[in-house]
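Engineer: Structure, please.
(chains A and B)
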Amino acid sequence: MAAPSIFSRQFKTDAKRVTGDLRHRGLIQNALAKYETARDLQKASYQDWQGARQAAAERKWEAINHLDVHLEAFASKLEARGTKVHWASTGEQARQIFLDILREKGARSIIKSKAMTAEEIHLNDSLEKAGYGVVESDLGEYIVQLRNEAPYHIVFPAMHLTRGEISSLFAEKLGSAPTDNPEDLTMIARTVLRDKYITADVGITGANFAIAETGMVSITENEGNARLTAALPRTLITLLGIEKILPKLSDLALFLPMLATAGAGQALTGYNSMYGGPRQPGECDGPEEYHVVLLDNGRTQLLADGEQRDALHCIRCGACLNVCPIYRNVGGHAYGTTYSGPIGSVITPHLRGLQEWKHLSQASSLCGACTEACPVKIDLHHHLLQNRRNATAMLPVWWEKLAFRAFGFLALRPALLAGLIPFGRFAQKWFHWIVKGGPLDPARAWTETRDLPPIAANTFTDLWRAKKRASRRQEETK
Amino acid sequence: MNGEKEKILQRIREALAVPAPYPGQHGGQPYDGGHAESPEEGDIAHWLPRVGAAFDARSDLFARNSAQLKSTFHLLESEAAAAQALAEMARAESWQRLAAHGDGARGASTRAMVSKLGLASLWTDAGYDVREMERCDAGVTECDALVAQTGSVLVTGRSAGGRALSVLPPHHVVLARREQLVADLPAAFALLERKYAGNYPSFIGFITGPSRTGDIERILVLGAHGPRKLTILCW
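Structural biologist: As a prediction, this is how the structure comes out:
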């Protein structure tokens, strides 16, 4: 057997630690309970949520299965109105594009709104290494940035922190007076960040949708930080994955409310903004230059897998994380990935290597809650199963093969099996407890945290025979 | 990196040579029907939350949504009433400066209402200084539409004085007319297409309530980065 990857070992260690952390569990349960109430209320207001899901899935299917056509249309529409469109096959290329723009503009101060794609390519790290300071403007992202941490959740980045922790963080990093009032804490961040918007010369955003028909980038947010980022700095750069495409502007009439409902239980998110270029003639503000960076970074590899292609339909609402029993127990950081939860477990092996990340597909009860929750009907739990199958086909585990071959051998020889069962019963009773859960236990992965039920005193065959004997006796006495 | 464009498109075309099952056909045959059509405006409306047809039903819904979003909605009888409501707000919140635009569809009326307040006013029409706008107590804009279904205000860079006016000052006041109240999101997108197709403004935005965050323990706080208050005057 190949040794488990370091990511797999790290995942097991972290997952175990977090699962037993009662404080952490309380925070997550509290946050998600609020989400669930709001989401259910919102979903119930739809005339036909299932119809909307099917339609959304079909729109995304169209976008992804004719991705070349839509991407070219998107890029040429943007270029026609003065946007510079860049294409990056890898994260490395995308980072280089950013560095080139920043160098050319002589950037001194950079303000950034939330972008999971930027997390994916570790953009901030590389910009900081090159001497550019980047300030995250989304409140949750700002908090985790001050903590030098990755976002905990793709929609709620600071879900794992209490107000007390945030207050001490602000006191330490910003010198503010301690407070346990979330409003005061928000205002501290608002004041600090206001100044950054006004002085920033470059703004960086992510995107939720890319409209092929009109050449527009659509950004969804609640705070207004992305709107300020797109309004004030002289140069604006948007980084987005190539899968963000939607064919038509009017498709947003369906996707914007569905994203809000599935993602945060809202009818519509606070600000939904569409940007089609830099400041146009006759307009009074907006950036002088607009750059759009299109990122592949493994997406075409996922695209090539017809069976799992629909994973590219994902609109990053986070609904599958919120309902996942694994996510709710191990939390967002244990995954060790940019995209956590079920969708992360499905796509990470495609983006970063199946053998190194297959353990995430094993960490699932396959209950299907994710698939049910997905607003674009991604077949998530089947994809987890397919990842398991593919990983095993690529690199079979010898002891599993041996175990199943042995089982097959015995199952075909009932007399032999029956003869061995008393031996098994004896060995389990008198010897297994000595090694149970320890390093010598062959069933350790299971028995470490669970009981192994004792082999029954009577096998099914024994019971069957006894029953038959009894009924025969009854017949005879009649 | 223009070479990358061709490389990415090439990889996409190669990848798409393998067909993918159509949604809802788990494990079924791949779809080969070419491009699927976008749903019609009416279809989308049929799935989303229901909105009544009459004006009263729409304005009631908009008012209910506003209350939930913590924005303020005043349905008024006349422009004079709107001007009075604006003046009362200015007094109640002791505005010193405000920002507005006079280049909207009803620029003359907007200019008149704002000028009547007699406050220092920043007009965005021909460009403006951001620091000055930051010092304003309120931003007054027109809009393209109000959306009853979600309680949203639809603005564009052209109809609402640019990108920043509706988000930088701490109080955003929207001036809207009754006929601008549309039923739902599909209707709002249809309106955008009728009004701007072929020449879209570089910024289009749906504003749904004042700026908000739930990033600290999922507790709602207004005014995270944008306006703490959103007031809609409609007549």
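Engineer: for residue A:307, what are its contacts?
Structural biologist: The neighbourhood of residue A:307, defined by C-beta atoms under 8 Å, 6 or more residues apart in numbering or on different chains, consists of A:383, A:386, B:20-21. Every C-beta, even on glycine, is put in place using the N, C-alpha and C of the backbone.
Engineer: What is the burial count for residue A:353?
Structural biologist: Here the count is done by other C-beta atoms under 10 Å in any protein chain shown, and residue A:353 has 13 residues near it.
Engineer: where does it land on pLDDT?
Structural biologist: The predicted local confidence for residue A:353 comes out at a pLDDT of 91.
Engineer: Nearest to chain B within chain A, name that residue for me.
Structural biologist: For chain A, the residue closest to chain B is residue A:224, as judged by C-beta to the nearest C-beta, at 2.6 Å.
Engineer: residues near residue A:323, how many?
Structural biologist: By the measure other C-beta under 10 Å, the count of residues near residue A:323 is 23.
Engineer: oh, I was asking about residue A:148
Structural biologist: For residue A:148, the tally of surrounding residues (other C-beta under 10 Å) stands at 6.
Engineer: for residue A:415, same thing?
Structural biologist: The criterion is other C-beta under 10 Å. On that basis, residue A:415 has 7 neighbouring residues.
Engineer: quick one: it and residue A:429, what's the gap?
Structural biologist: From residue A:415 over to residue A:429 the distance is 23 Å, taken as C-beta to C-beta, to the nearest Å.
Engineer: show me the contacts for the closest residue to residue A:215 other than its chain neighbours.
Structural biologist: Using C-beta to C-beta, 6 or more residues apart in numbering or on different chains and skipping residues adjacent in sequence, the residue nearest residue A:215 is residue A:77, 2.5 Å away. Contacts here follow C-beta under 8 Å, 6+ apart; on that basis residue A:77 touches A:212-216, A:276.
Engineer: Could I get the pLDDT score of residue A:77?
Structural biologist: pLDDT, residue A:77: 97.
Engineer: Flag the shaky bits of the chain, pLDDT-wise.
Structural biologist: You didn't pick a chain, so chain A it is. Scanning chain A for pLDDT under 70 picks out A:1-2.
Engineer: meant chain B actually
Structural biologist: B:1-2, B:25-42.
Engineer: In it, what residue lies closest to chain A?
Structural biologist: Nearest to chain A in chain B, going by C-beta to the nearest C-beta, is residue B:226, at a distance of 2.6 Å.
Engineer: correct me, but that residue touches residue A:224?
Structural biologist: Yes - at 2.6 Å, residue B:226 counts as touching residue A:224 under the criterion of C-beta atoms under 8 Å.
Engineer: Can you report how many residues lie near residue 193?
Structural biologist: Going with chain A. Taking other C-beta under 10 Å as the definition, residue A:193 ends up with a neighbour count of 23.
Engineer: Switch to chain B, please.
Structural biologist: One way to gauge burial is a neighbour count; for residue B:193, by other C-beta under 10 Å, it gives 17.
Engineer: same deal with residue A:6?
Structural biologist: Summarising burial for residue A:6: neighbours were counted as other C-beta under 10 Å, giving 10.
Engineer: cool, the one 4 residues further on as well?
Structural biologist: By the criterion of other C-beta under 10 Å, residue A:10 has 15 neighbours.
Engineer: from memory it sits against residue A:336, does it?
Structural biologist: Yes - the criterion here is C-beta under 8 Å, and residue A:10 meets it with residue A:336 at 5.7 Å.
Engineer: Residues in contact with both of residue B:226 and residue A:224, list them for me.
Structural biologist: By the contact definition C-beta under 8 Å, 6+ apart, residue B:226 and residue A:224 are jointly contacted by A:270-271, B:167, B:211.
Engineer: Could you identify the most distant pair in those residues?
Structural biologist: By the measure C-beta to C-beta, A:270 and B:167 form the most distant pair in the shared contacts of residue B:226 and residue A:224, at 10.3 Å.
Engineer: Now the common contact residues for those two.
Structural biologist: A:224, B:211, B:226.
Engineer: Any chance of JSON lines for these, columns neighbour count and distance to residue A:195?
Structural biologist: Rendered in JSON lines, the data for those read as follows (neighbours: other C-beta atoms under 10 Å in any protein chain shown; distance: C-beta to C-beta, whole Å):
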{"residue": "A:224", "neighbour count": "29", "distance to residue A:195": "16"}
{"residue": "B:211", "neighbour count": "29", "distance to residue A:195": "17"}
{"residue": "B:226", "neighbour count": "29", "distance to residue A:195": "16"}
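Engineer: now, which of the residues you listed sits nearest residue A:478?
Structural biologist: residue B:211 (85.2 Å).
Engineer: and the residue nearest to the closest one when sequence neighbours are not counted, which of the three is it?
Structural biologist: The shortest distance from residue B:211 to any non-neighbouring residue, by C-beta to C-beta, 6+ apart, is to residue B:226 (3.2 Å). Residue B:226 falls in the coil class when you classify it by DSSP: H, G, I helix; E, B strand; the rest coil.
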